[in-house]
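Below are the sequence and a predicted model for it; my questions follow.
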Amino acid sequence: MKFLFEQVTVFSDKKLDGNPLAVIVGADSLTHHQMEQFAKWTNLSETVFLLQPKHPDADYFVKIFTAEGELPFAGHPTLGSCFVWQQIYGQQNKSTITQQCEAGLINIKQINGRLAFMAPPMIRTGELEENERIKIFNALGLTDNDVEACQWLDNGPGWLGIQLKSVATLLSVKPDYAQLKGYDIGLCAIYPEGDDKQLEVRAFCCSIAEEDPVTGSLNAVFAQWLIPQGKLPKHYVAGQGQCVSRNGLVYVSSDEHGIWVGGDVVNCISGTVEFD
């Protein structure tokens, strides 16, 4: 079996920046095991498979995998797979798109020339247990004086969000992954007024001991958390990836329909892939 293969980078307009994504087009005949095995082989943060939609309101269906298994939703795979779907099927001028994934239907639209997805609702929020909070802060090398706020921010990927008081502290964090196995932890800090960016973000996928370059789902929940509190404006730019030699930019906006998370997508590799 031979399939179209695309590798794109998301949240950057530069080919070797941002967060890479592998996309297999027309993958309806592949089994779950084949998808899982291919995602392990690419060894990227995510690999996606474009399929025909199963819901009448969806334009396409996407299956999202990490090297560890399937995710119900993720942000950079949503934008990257939508970009590839538009290019392959000649839908570049379609202004509103509906993606189906295991988390349900995700709305996507063009904002200022960039694709943006509507942040899905959070399925879990709330404070940490005290002993859990102490354990996590210690493993991140943080004290209570470093932290502005923290809580669960689960929108599919089970993020634990921590807002730090300074960008400098955020950029200096070195996680002890051995103590954090089983957690997906997101850090953010607000820039002083007048900076080109309003927020800096880091994402630690602790079960695989890796820092994600640029993370759409995490940026979505940070916006859902901090915009209603008035800590961030309704339209802002977030940076992510400095500590892993990336310069990702995430464009966040809020309107009467919800919060939109957008970014640039560019193609890096086009070809075919064969399965036995």
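Received, thanks.

residues of stretch 176-192 that come out buried?
Buried residues in stretch 176-192, defined by neighbour count with 16 or more other C-beta atoms under 10 Å: 177, 180, 183, 184, 185, 186, 187, 188, 189, 190, 191. Yep, even glycine has a C-beta here, placed from its N, CA and C like the rest.

The last one against residue 167, yeah?
Yes - Residue 191 is within contact range of residue 167, at 5.9 Å (criterion: C-beta atoms under 8 Å).

Now for the two: what residues contact both?
Common neighbours of residue 191 and residue 167 are listed as residue 200 (criterion: C-beta atoms under 8 Å, 6 or more residues apart in numbering).

residues in contact with the least confident helix or strand in the chain by mean pLDDT?
Across the helices and strands of the chain, mean pLDDT, DSSP states H and E gives its lowest value to strand 124-126, namely a mean of 90. Outside strand 124-126, the residues that touch it by C-beta under 8 Å, 6+ apart are 151, 152, 153, 154, 158.

Tell me the buried residues in the one helix or strand residue 76 maps to?
Taking DSSP states H and E as the criterion, residue 76 maps to helix 75-89. The neighbour-count check on helix 75-89 (16+ other C-beta under 10 Å) flags 75-88 as buried.

and what of stretch 154-166?
Going by neighbour count (16+ other C-beta under 10 Å), the buried part of stretch 154-166 is 154, 155, 156, 157, 159, 160, 161, 162, 163, 164.

which helices and strands sit right next to the strand or helix carrying residue 34?
Under the criterion of DSSP H and E, residue 34 resides in helix 32-42. Contact partners of helix 32-42 among helices and strands, from 3 or more C-beta pairs under 8 Å, 6 or more residues apart in numbering; DSSP states H and E: strand 19-25, strand 47-51, strand 60-65, strand 70-71.

Give me the phi and psi for residue 172.
Dihedral pair for residue 172: phi -90, psi -10, per degrees, to the nearest 10.

a markdown table for the helices and strands packed on helix 32-42, including distance to residue 218?
Shown next, in a markdown table, are these (distance: least, C-beta to C-beta, whole Å):
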| stretch | distance to residue 218 |
| --- | --- |
| strand 19-25 | 11 |
| strand 47-51 | 18 |
| strand 60-65 | 15 |
| strand 70-71 | 13 |
